[in-house]
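> Structure for the following, please:
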Amino acid sequence: MARHEFIPSQYHSILATLPPALHVESGDIVVTRTLDANGADQDGIVRAHGGNPMNGPILVRGAEPGDALAVDIIGMTPIRAHGWTRAALAGNVVDPERVRELPPRDKADWIIDADAGNVRLATPVAGLERMILPLSPMIGCFGVAPAGGEAISTATSGPNGGNMDYRGCRPGARITFPVGVPGALFFLGDCHAIQGDGEIAGTGVETAMEVEFRLSILKQRRQAWPRGEDETFIFTLGNARPLDQALQHATTEMFDWLMGEYGLSSVAASHLMGQVVRYEVGNVFDPAYTMVCKIEKKWLPHES
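Numbering: from 1, shown residues only. Just a heads-up that it's a prediction; the model follows:
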């Protein structure tokens, strides 16, 4: 197992079959520094244009279609003391007749205090003068190259991952993606210091991060949509619009996971899911929404 310090020379606003920027072996650890969603680095200098520029792609030797790529998020550290958000809710998350009442979507600056472990508005807003939020780093956009020669914008998401904006994609979590092309071709970027469910303002607290992660091949693990687990839950992510279709993808992937790796019959999986499933909204801002289907590990018949 090797450890790689990955310094990108270029960034990408698509996930696609592109020339690899780094080659690694299964089980290797990578440390890299991301840009924020507008392409600014740790010094606030814009290094890339286009939304959510990604580091990568990283080729994992031996990964083939039909495998899965596991991404263990080991650590995330802010590398600058500021971030930004938009100052208004997205128009698509409120009643249509209320959209005109929303404030302008101006940029709001935030202070990130990594030592204290918190974030706060740089210019306090009336009523929120004492609002100090916990630092809670997460990856907004990551995944692998899609199959079939497709190129997927980092503005959206699909079976290969992408801009899912799920706050459960955080240190301590393992996310697995279905491999669509030889080498998997992994991309990563768009990190947030904190974000609420749904990314309903269209941003988290956008900033630049140092991210440490491990890439591992799971041979012949057939899955259709991203899966994940943390210390408490297993979960699946469905990406689509309308929202009910995203829920269907996430639910079907969990159903298949329980039968395929946990050995449950379709009846047993239905009973279990019907009573213990929990849902979370990953993102309802982007062209494809993200729904998350979760089950606490304590209810599983055995660990995979």
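> switch to C-alpha atoms for all contacts and neighbour counts from now on
Noted.
> And the strands in the stretch 101-250 of the chain?
Secondary structure of the stretch 101-250 of the chain, counting by DSSP state E, counting those that start in this stretch: strands at 107-113, 118-121, 133-134, 138-144, 152-153, 157-158, 161-163, 174-178, 186-192, 209-218, 227-229, 233-240.
> quick one: the longest helix along the chain to strand 233-240, angle?
Using DSSP state H, we find that the single longest helix of the chain is helix 243-260. Between helix 243-260 and strand 233-240, the angle comes out at 140 degrees (axes from the mean of the first three to the mean of the last three C-alpha atoms, to 10 degrees).
> For helix 243-260, buried residues please.
243, 245-259 (16 or more other C-alpha atoms under 10 Å).
> picking that back up, could the strands of the stretch 101-250 of the chain be laid out in CSV, adding mean neighbour count and distance to Lys294?
Below are those laid out as CSV (neighbours: other C-alpha atoms under 10 Å; distance: least, C-alpha to C-alpha, whole Å):
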stretch, mean neighbour count, distance to Lys294
strand 107-113, 18, 30
strand 118-121, 21, 27
strand 133-134, 14, 24
strand 138-144, 28, 18
strand 152-153, 19, 26
strand 157-158, 24, 19
strand 161-163, 30, 17
strand 174-178, 27, 13
strand 186-192, 29, 22
strand 209-218, 22, 21
strand 227-229, 23, 9
strand 233-240, 26, 4
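> Quick one, which of these gets closest to Pro19.
With C-alpha to C-alpha, the closest approach to Pro19 among these belongs to strand 186-192: 11.3 Å.
> Please work out which residues outside that closest one touch it.
Contacting residues not belonging to strand 186-192 are listed as 15, 34-37, 52-59, 136-145, 204-209 [C-alpha atoms under 8 Å, 6 or more residues apart in numbering].
> out of the strands of the stretch 101-250 of the chain, nearest to His82?
Of all these, strand 107-113 sits nearest to His82, with 4.6 Å by C-alpha to C-alpha.
> Average pLDDT for that closest one, rounded please.
The average pLDDT within strand 107-113 is 97.
> likewise stretch 291-300?
97.
> Just the C-alpha atoms of that stretch, please, in CSV.
Output of stretch 291-300 as CSV, limited to C-alpha atoms (Å, rounded to 0.1, in the frame of the first residue of the first chain):
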residue,chain,number,x,y,z
MET,A,291,-32.3,10.6,-2.2
VAL,A,292,-30.6,8.4,0.4
CYS,A,293,-32.0,5.2,1.8
LYS,A,294,-30.5,4.2,5.2
ILE,A,295,-30.7,1.2,7.5
GLU,A,296,-29.0,1.0,10.9
LYS,A,297,-26.4,-1.7,11.0
LYS,A,298,-27.9,-3.2,14.2
TRP,A,299,-30.8,-4.4,12.2
LEU,A,300,-28.7,-6.3,9.7
